[in-house]
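**Q** quick check, what structure comes out for this input:
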Amino acid sequence: MFLLLPKHYRGRGAQKLNCAKEKLGGLCVPFCFDLTNLAGIPGFIENVIKQFGHIDILVNNAGVNLKKDFTEVSDAEFQHILLTNVTAAFVLSREVVKKMMKKKHGCIINISSMAAQYGLPKVIAYTASKSAIEGMTKAMAVELSPKGIRVNCIAPGFITTAMSSKALDNDEERKQKALSRTPMGKLGEPADIGDAALFLASDAAKYITGVVLPVDGGNAIGF
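**A** Next up is the predicted model:
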C-alpha cells in the first residue's frame with residue numbers, strides 16, 4: 001500500500017516532513033512539492049508511481065487560511081486560497097485517479113472544515129474553498145465510485161494545530177465562542193482527524209462513499 005498525503009511546501013517544508021518521518025518510522029517516505037505548481041503535479045505523480053508502483057490512498061490535506069475583513073481581501077489573496085485549497089486538490093486528485101482507475105481500486109479523503117458548515121467571520125476565502133471541497137467530494141464520489149474509487153471528506157472542528165492556534169490564541173473571544181458551542185467542551189487533537197481518516201481508508205468503511213464526516217466534538221450541532 002502506498003499512502004500519499006500532500007503537503008503544501010511552504011507550510012510543510014523538508015524539516016517538518018523529516019521530523020514526521022522520524023516519528024512514523026522507516027516506511028514513511030516524505031516528498032516535498034509545492035502544490036501551487038499545477039503544471040508540475042503530473043510529473044510529481046509519475047515520480048511517485050515510478051518509485052512505488054501505485055497509489056492506494058490520497059489524503060488532500062494541503063491548505064492555507066487567511067483571516068481578514070471581507071472588504072479588505074484582495075483578488076490575489078482570494079485566488080491564492082482557492083488555488084491552494086481547491087484547484088491543487090482537484091489537479092492532484094485527477095492525476096492520482098488516472099492511476100487508480102487502472103487497478104479499479106482506490107480511496108480519496110478530502111479535508112474540509114467547520115467553515116463549510118456555518119458562517120464564520122473574516123475567513124471568506126477559506127470558507128469558499130472548503131465549501132467547494134465538500135461539493136467536489138460528492139461529485140467525485142458519484143462519478144468515481146462505480147470505478148472502484150471511494151471518495152469521502154472529513155470536516156474537522158477546532159483542532160489544536162499551528163493554524164488554529166494562530167487564529168484563536170490571539171482572539172480570546174473567538175476561542176471562547178468556539179468552545180462554548182462545542183458540546184464536548186474542548187479542542188480536538190490532530191490524532192482525532194488521523195483516526196477518522198484511517199477508518200475511512202480502511203475496509204471497515206468499504207461501503208461508505210460521498211460522506212462529509214464532522215470530527216468536531218459536536219460543534220456543528222452545538223448552540
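
**Q** got the residue ranges for the strands in the chain?
**A** 3-4, 57-60, 106-111, 149-156, 212-215 (DSSP state E).

**Q** closest to T36 out of those strands?
**A** The minimum distance between T36 and the strands of the chain falls on strand 57-60, with 13.9 Å, by Cβ to Cβ. Backbone N, C-alpha and C define where each C-beta goes, glycine included.

**Q** parallel or antiparallel, list what pairs with the closest one.
**A** strand 3-4 (parallel), strand 106-111 (parallel) (DSSP bridges).

**Q** before we move on, back to that, including mean neighbour count, mean pLDDT and distance to K186, could the strands of the chain go into CSV?
**A** CSV is the format used below for these (neighbours: other Cβ atoms under 10 Å; pLDDT from 0 to 100; distance: least, Cβ to Cβ, whole Å):
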stretch, mean neighbour count, mean pLDDT, distance to K186
strand 3-4, 17, 54, 29
strand 57-60, 24, 97, 24
strand 106-111, 24, 98, 21
strand 149-156, 24, 98, 14
strand 212-215, 19, 98, 13
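
**Q** as TSV, those strands with distance to I193 would be great.
**A** Formatted as TSV, these follow (distance: least, Cβ to Cβ, whole Å):
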stretch	distance to I193
strand 3-4	15
strand 57-60	10
strand 106-111	8
strand 149-156	5
strand 212-215	6
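
**Q** which one of the ones you listed lies closest to A14?
**A** Per Cβ to Cβ, nearest to A14 of the strands of the chain: strand 3-4, 16.8 Å.

**Q** and the nearest residue to R181 once chain neighbours are set aside, how close does it get to A88?
**A** With Cβ to Cβ, 6 or more residues apart in numbering as the criterion, R181 has its nearest non-adjacent residue at 3.8 Å, and that residue is G222. Going from G222 to A88 by Cβ to Cβ, to the nearest Å gives 31 Å.

**Q** quick check: which ranges of the protein have low pLDDT?
**A** 1-12, 163, 167 (pLDDT under 70).

**Q** state which helix of it is the longest.
**A** The longest helix of the chain (DSSP state H) is helix 124-144.

**Q** quick check: buried residues in that one?
**A** 124-134, 136-138, 140-141, 144 (16 or more other Cβ atoms under 10 Å).

**Q** ditto for stretch 23-35
**A** Residues 33-35 are the ones in stretch 23-35 that count as buried (16+ other Cβ under 10 Å).

**Q** and if you look at stretch 180-197?
**A** Applying 16+ other Cβ under 10 Å to stretch 180-197 flags 181-182, 187-188, 192-193, 196-197 as buried.

**Q** re the thing from before, what about the residue nearest to R181, neighbour count?
**A** Number of residues near G222 (other Cβ atoms under 10 Å) recorded here: 16.

**Q** need the contact list for it.
**A** Counting by Cβ atoms under 8 Å, 6 or more residues apart in numbering, G222 makes contact with 180-183.

**Q** and which of these is nearest I55?
**A** T182 (35.0 Å).

**Q** just want the phi and psi numbers for the closest one.
**A** The phi and psi values for T182, taken as degrees, to the nearest 10, are phi -100, psi 110.

**Q** my read: it touches I159, true?
**A** No. Between T182 and I159 there is no contact under Cβ atoms under 8 Å: 11.2 Å.

**Q** okay if I get the buried residues of stretch 180-197 as TSV plus distance to N65?
**A** Listed next are the buried residues of stretch 180-197 as TSV, based on distance: Cβ to Cβ, whole Å:
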residue	distance to N65
R181	20
T182	19
L187	16
G188	17
D192	19
I193	16
A196	20
A197	20
